[in-house]
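K.L.:
What follows is a predicted structure for the sequence shown.
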Amino acid sequence: MALRTETDEGTGVALVTLDRPEKHNAIDLATAAELTAAWRAFRCDEGVRAVVVTGAGGRAFCTGIDRGVEVPQPSSPYTIDDPLIAIGPKANDLWKPVIAAVEGMACGGAFYLLSEAEFVVASEEATFFDPHTTYGMVSAYEAISMAQRMPFGEVARMSLMGTAERVSAQRAYETGLVSEVTAPGGAVAAALRAAAVIASCPTEAVQGTVRAVWSAKEAARAQAMAHAPHLIALGNLPPERQAELFQGRGGNGFRTR
């Protein structure tokens, strides 16, 4: 199992931990399936009233798709099979509040999880970046999701700069991606405290509020997401060319802002 779930019966808060620290908590097909199953199970678990999601090991929250995963693609240019499309709570119709606790790196496919959390708590050592363009891939789902949380220029810069630049926790806080910055190692504890407060409120009111907040932006998000498969199919380099760029990544420096 690459996913650990623990529930505090006293507070009604579940902690979901991506547990592949040796892979920087990158998501393979089995982990993706476990995430989907976990969110759907929480829908019917009355003992869970709020959830915190994090990554094990402290070096990374999640670094997106595991590069070792092979995903056969249809030949049609009008569609693409994305193994991460259903790893988030909202994609699985879970409207109980979810808080993301970020320690270390959060990049690429991690934004599928961050974008579907109600808010993000991060350690001051956390960094955020989007490597897609560096490796010849279109950042579509990730950029669209982040555009719901950050100013346009910040999303564009992060998406276009690739691995050359990483957004610090402080900068993420200043631009609205992160709601609280903690001391190193403190993100999970802070997220659990916030989740416990939320879980102590009547769950009907909480879930209604979650839906109300999301309804404010869902129409624009859904419309933009509909374009993502075509943009990816047209703009991505062939897999073998992506692999060449990825293998040569050792020379890519980066700076944090």
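P.N.:
Perfect, thanks for sending it.

K.L.:
Now do the helices for the protein: every range, in order, please.
P.N.:
For the chain, applying DSSP state H gives helices covering 29-43, 110-114, 141-146, 152-161, 169-175, 187-199, 203-215, 218-225, 228-235, 239-247.

K.L.:
Let me have those in JSON lines, extended by mean neighbour count, mean pLDDT and distance to residue 51.
P.N.:
Bear in mind the C-beta positions are built from the backbone N, C-alpha and C, glycine included. Output for these, formatted as JSON lines (neighbours: other CB atoms under 10 Å; pLDDT from 0 to 100; distance: least, CB to CB, whole Å):
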{"stretch": "helix 29-43", "mean neighbour count": "18", "mean pLDDT": "96", "distance to residue 51": "6"}
{"stretch": "helix 110-114", "mean neighbour count": "27", "mean pLDDT": "96", "distance to residue 51": "11"}
{"stretch": "helix 141-146", "mean neighbour count": "23", "mean pLDDT": "91", "distance to residue 51": "18"}
{"stretch": "helix 152-161", "mean neighbour count": "17", "mean pLDDT": "96", "distance to residue 51": "25"}
{"stretch": "helix 169-175", "mean neighbour count": "19", "mean pLDDT": "97", "distance to residue 51": "21"}
{"stretch": "helix 187-199", "mean neighbour count": "21", "mean pLDDT": "98", "distance to residue 51": "7"}
{"stretch": "helix 203-215", "mean neighbour count": "13", "mean pLDDT": "95", "distance to residue 51": "11"}
{"stretch": "helix 218-225", "mean neighbour count": "12", "mean pLDDT": "80", "distance to residue 51": "20"}
{"stretch": "helix 228-235", "mean neighbour count": "16", "mean pLDDT": "82", "distance to residue 51": "26"}
{"stretch": "helix 239-247", "mean neighbour count": "13", "mean pLDDT": "83", "distance to residue 51": "32"}
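
K.L.:
Turn the ones you listed into CSV, including distance to residue 12.
P.N.:
Converted to CSV, those look like this (distance: least, CB to CB, whole Å):
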stretch, distance to residue 12
helix 29-43, 11
helix 110-114, 21
helix 141-146, 27
helix 152-161, 34
helix 169-175, 28
helix 187-199, 4
helix 203-215, 8
helix 218-225, 26
helix 228-235, 35
helix 239-247, 42
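
K.L.:
And these: which comes nearest residue 125?
P.N.:
Smallest distance to residue 125 across the helices of the chain (CB to CB): 7.0 Å, for helix 169-175.

K.L.:
Which secondary structure elements does that closest one sit against?
P.N.:
If you count contacts as 3 or more CB pairs under 8 Å, 6 or more residues apart in numbering; DSSP states H and E, helix 169-175 packs onto strand 119-123, strand 180-182.

K.L.:
Report the mean per-residue pLDDT for the longest one.
P.N.:
Confidence for strand 119-123, expressed as mean pLDDT, is 98.
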